[in-house]
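*Asks:* fold the following, please.
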Amino acid sequence: MAPYGSHCPFCGGKQVLHNLSDDDEAAIKCFNSIKSNSSYDDVKDPTGLTIRITDKTIKHILKDNGDKRRNYIGSIQESLNSPDEIWTTNIDNVIQRVYIKYFDNLPVVARVDIDNNLFTFHDILKNKKVNSDQARNLRKGILIYKKN
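*Replies:* I've put the predicted structure just below:
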(Lines give C-alpha, C1' and ligand atoms only; values in the text may rest on other atoms or scores of the structure.)
Protein backbone atom coordinates (compact mmCIF):
# COMPACT_ATOMS: atom_id res chain seq x y z
CA MET A 1 0.00 0.00 0.00
CA ALA A 2 1.28 3.41 -0.93
CA PRO A 3 1.20 6.19 1.63
CA TYR A 4 -0.58 9.45 0.93
CA GLY A 5 1.75 12.03 -0.51
CA SER A 6 2.89 11.13 -3.99
CA HIS A 7 2.08 13.15 -7.07
CA CYS A 8 -0.17 16.16 -6.60
CA PRO A 9 0.86 19.10 -8.77
CA PHE A 10 -1.36 21.42 -6.71
CA CYS A 11 0.45 20.93 -3.42
CA GLY A 12 3.88 20.08 -4.78
CA GLY A 13 3.55 16.37 -4.06
CA LYS A 14 2.96 16.73 -0.33
CA GLN A 15 -0.42 15.03 -0.23
CA VAL A 16 -2.80 13.03 -2.36
CA LEU A 17 -5.94 13.69 -0.35
CA HIS A 18 -7.25 17.27 -0.61
CA ASN A 19 -10.21 18.83 1.10
CA LEU A 20 -11.41 20.49 -2.10
CA SER A 21 -15.13 19.91 -1.67
CA ASP A 22 -15.48 23.09 0.34
CA ASP A 23 -13.06 25.18 -1.71
CA ASP A 24 -13.84 25.81 -5.37
CA GLU A 25 -10.85 28.12 -5.74
CA ALA A 26 -8.49 25.30 -4.65
CA ALA A 27 -10.20 22.93 -7.08
CA ILE A 28 -9.70 25.38 -9.94
CA LYS A 29 -6.02 25.84 -9.04
CA CYS A 30 -5.58 22.07 -8.88
CA PHE A 31 -7.27 21.65 -12.26
CA ASN A 32 -5.09 24.33 -13.86
CA SER A 33 -1.94 22.74 -12.39
CA ILE A 34 -2.91 19.32 -13.72
CA LYS A 35 -3.78 20.78 -17.12
CA SER A 36 -0.38 22.47 -17.39
CA ASN A 37 1.45 19.28 -16.38
CA SER A 38 1.95 17.35 -19.63
CA SER A 39 2.62 14.10 -17.74
CA TYR A 40 -1.11 13.95 -17.02
CA ASP A 41 -2.05 13.83 -20.72
CA ASP A 42 -1.12 10.17 -21.20
CA VAL A 43 -0.28 7.63 -18.52
CA LYS A 44 1.07 4.11 -19.08
CA ASP A 45 -0.28 1.31 -16.93
CA PRO A 46 1.78 -1.75 -15.89
CA THR A 47 0.46 -3.74 -18.87
CA GLY A 48 1.79 -1.12 -21.32
CA LEU A 49 -1.59 0.43 -22.15
CA THR A 50 -1.51 4.20 -22.65
CA ILE A 51 -4.45 5.90 -20.95
CA ARG A 52 -5.60 9.37 -21.96
CA ILE A 53 -6.70 11.86 -19.33
CA THR A 54 -8.74 14.62 -20.95
CA ASP A 55 -9.81 18.05 -19.72
CA LYS A 56 -13.39 16.78 -19.80
CA THR A 57 -12.52 13.97 -17.38
CA ILE A 58 -10.61 16.25 -15.01
CA LYS A 59 -13.57 18.66 -14.98
CA HIS A 60 -15.90 15.71 -14.26
CA ILE A 61 -13.72 14.59 -11.35
CA LEU A 62 -13.46 18.12 -9.95
CA LYS A 63 -17.21 18.74 -10.15
CA ASP A 64 -18.52 18.86 -6.60
CA ASN A 65 -21.42 16.43 -6.46
CA GLY A 66 -21.05 15.51 -2.81
CA ASP A 67 -19.03 12.30 -3.30
CA LYS A 68 -15.67 14.01 -2.62
CA ARG A 69 -14.00 12.32 -5.61
CA ARG A 70 -12.15 15.51 -6.37
CA ASN A 71 -10.32 15.18 -3.06
CA TYR A 72 -8.29 12.35 -4.64
CA ILE A 73 -7.30 14.25 -7.79
CA GLY A 74 -3.60 14.07 -6.89
CA SER A 75 -3.58 10.27 -6.92
CA ILE A 76 -4.84 9.70 -10.49
CA GLN A 77 -1.45 9.19 -12.09
CA GLU A 78 -0.16 6.81 -9.41
CA SER A 79 -3.43 4.86 -9.48
CA LEU A 80 -2.99 4.21 -13.21
CA ASN A 81 0.82 3.75 -13.22
CA SER A 82 0.95 1.50 -10.19
CA PRO A 83 -2.46 -0.02 -9.41
CA ASP A 84 -2.90 -2.94 -7.05
CA GLU A 85 -5.39 -4.58 -9.43
CA ILE A 86 -6.68 -4.13 -12.98
CA TRP A 87 -9.93 -5.78 -14.05
CA THR A 88 -11.64 -5.92 -17.44
CA THR A 89 -15.34 -5.92 -16.75
CA ASN A 90 -18.79 -5.01 -18.00
CA ILE A 91 -20.58 -2.51 -15.77
CA ASP A 92 -23.97 -1.20 -16.91
CA ASN A 93 -23.31 -2.62 -20.41
CA VAL A 94 -20.05 -0.67 -20.69
CA ILE A 95 -16.85 -2.68 -21.26
CA GLN A 96 -14.15 -1.04 -19.18
CA ARG A 97 -10.94 -1.49 -17.26
CA VAL A 98 -11.18 -0.95 -13.52
CA TYR A 99 -7.97 0.11 -11.75
CA ILE A 100 -7.98 -0.32 -7.98
CA LYS A 101 -5.29 1.33 -5.86
CA TYR A 102 -5.02 1.21 -2.07
CA PHE A 103 -3.66 4.22 -0.20
CA ASP A 104 -3.37 2.95 3.36
CA ASN A 105 -6.99 1.88 4.01
CA LEU A 106 -8.48 4.02 1.24
CA PRO A 107 -9.24 2.18 -2.01
CA VAL A 108 -9.61 4.43 -5.04
CA VAL A 109 -10.89 3.36 -8.43
CA ALA A 110 -10.04 4.66 -11.89
CA ARG A 111 -12.33 3.52 -14.71
CA VAL A 112 -11.11 3.50 -18.30
CA ASP A 113 -13.33 3.04 -21.35
CA ILE A 114 -12.75 0.79 -24.35
CA ASP A 115 -10.99 3.68 -26.18
CA ASN A 116 -8.44 3.95 -23.31
CA ASN A 117 -9.85 7.20 -21.90
CA LEU A 118 -10.12 7.68 -18.16
CA PHE A 119 -13.78 8.52 -17.58
CA THR A 120 -14.17 8.58 -13.81
CA PHE A 121 -12.24 8.31 -10.59
CA HIS A 122 -13.66 7.72 -7.12
CA ASP A 123 -13.25 5.94 -3.81
CA ILE A 124 -15.21 2.88 -2.70
CA LEU A 125 -16.18 4.01 0.76
CA LYS A 126 -19.52 4.07 2.50
CA ASN A 127 -19.77 5.70 5.93
CA LYS A 128 -15.95 5.93 6.03
CA LYS A 129 -15.56 2.14 5.56
CA VAL A 130 -14.84 0.11 2.42
CA ASN A 131 -18.11 -0.58 0.62
CA SER A 132 -17.82 -4.36 0.24
CA ASP A 133 -20.73 -4.62 -2.21
CA GLN A 134 -19.28 -1.98 -4.52
CA ALA A 135 -15.79 -3.50 -4.28
CA ARG A 136 -17.22 -6.92 -5.20
CA ASN A 137 -19.13 -5.47 -8.18
CA LEU A 138 -16.02 -3.72 -9.49
CA ARG A 139 -14.06 -6.97 -9.27
CA LYS A 140 -16.33 -8.95 -11.60
CA GLY A 141 -14.87 -9.95 -14.92
CA ILE A 142 -11.27 -10.83 -15.74
CA LEU A 143 -8.38 -9.96 -13.44
CA ILE A 144 -5.64 -8.89 -15.87
CA TYR A 145 -3.10 -7.54 -13.39
CA LYS A 146 -2.37 -7.96 -9.69
CA LYS A 147 0.55 -6.30 -7.94
CA ASN A 148 2.80 -8.75 -6.10
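*Asks:* just the helices in the chain please.
*Replies:* For the chain, the helices defined by DSSP state H cover 24-36, 55-62, 76-81, 132-138.
*Asks:* so which helix or strand of the protein has the lowest pLDDT on average?
*Replies:* One helix or strand of the chain scores below all others by mean pLDDT, DSSP states H and E: helix 24-36, with a mean of 62.
*Asks:* which parts of this structure are strands?
*Replies:* 42-44, 50-52, 85-91, 94-103, 106-113, 118-123, 125-126, 129-130, 142-146 (DSSP state E).
*Asks:* make TSV from these and add mean pLDDT, mean neighbour count and distance to residue 77 to it.
*Replies:* For the C-beta atoms, the positions are set from N, CA and C on the backbone; glycine is no exception. TSV is the format used below for the strands of the chain (pLDDT from 0 to 100; neighbours: other C-beta atoms under 10 Å; distance: least, C-beta to C-beta, whole Å):
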stretch	mean pLDDT	mean neighbour count	distance to residue 77
strand 42-44	86	14	6
strand 50-52	93	16	10
strand 85-91	93	17	15
strand 94-103	91	20	10
strand 106-113	90	22	10
strand 118-123	86	20	10
strand 125-126	76	14	21
strand 129-130	80	12	23
strand 142-146	96	13	17
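*Asks:* out of those strands, flag the one nearest residue 61.
*Replies:* strand 118-123 (5.1 Å; C-beta to C-beta).
*Asks:* name the strands paired with that closest one and say parallel or antiparallel.
*Replies:* Partners of strand 118-123 in the sheet, by DSSP bridges, are strand 106-113 (antiparallel).
*Asks:* between the partner strand and strand 85-91, how many degrees?
*Replies:* 60 degrees (axes from the mean of the first three to the mean of the last three C-alpha atoms, to 10 degrees).
*Asks:* got a list of contacts for strand 106-113?
*Replies:* Outside strand 106-113, the residues that touch it by C-beta atoms under 8 Å, 6 or more residues apart in numbering are 17, 51, 72, 75-76, 79-80, 83, 91, 94-102, 118-125, 130, 135, 138.
*Asks:* so what's the closest residue in space to residue 61 that isn't next to it in sequence up against?
*Replies:* Closest residue to residue 61 apart from its sequence neighbours, by C-beta to C-beta, 6 or more residues apart in numbering: residue 121 at 5.1 Å. Residue 121 is in contact with 57, 61, 69, 72-73, 76, 79, 108-111, counting by C-beta under 8 Å, 6+ apart.
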